[in-house]
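S.K.: Okay, predicted coordinates and the sequence, questions at the end:
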Amino acid sequence: MSIFLHMKHLLQLKQHLNLKTQNLSKNLLSGHEHVSGHA
């Protein structure tokens, strides 16, 4: 595997992880709002 391809793969993996964490925090925030709204 060339260094370029390896770097590209790492970048894609990083972006994928960033999306996952963004969705996770969104879900946590909306869940928190949902709970506090019913409190």
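M.R.: Done, it's in.

S.K.: what's the neighbour count on G31?
M.R.: Per other Cβ atoms under 10 Å, the neighbour tally for G31 reads 10. All C-beta spots, glycine's among them, are computed from the backbone N, C-alpha and C.

S.K.: For it, report the pLDDT, please.
M.R.: Looking at G31, its pLDDT is 80.

S.K.: Locate it within the secondary structure: which element?
M.R.: helix 3-38 (DSSP states H and E).

S.K.: list the helices and strands that helix packs on?
M.R.: In terms of contacts (3 or more Cβ pairs under 8 Å, 6 or more residues apart in numbering; DSSP states H and E), helix 3-38 is not packed against any helix or strand.

S.K.: How far does that helix sit from its chain's centre?
M.R.: 1 Å (Cα atoms, centre = their mean, to the nearest Å).

S.K.: ok, now which ones touch Q15?
M.R.: Shown in contact with Q15 (Cβ atoms under 8 Å, 6 or more residues apart in numbering): no residues.

S.K.: so how far is N23 from it?
M.R.: Separation of Q15 from N23 (Cβ to Cβ, to the nearest Å) stands at 13 Å.
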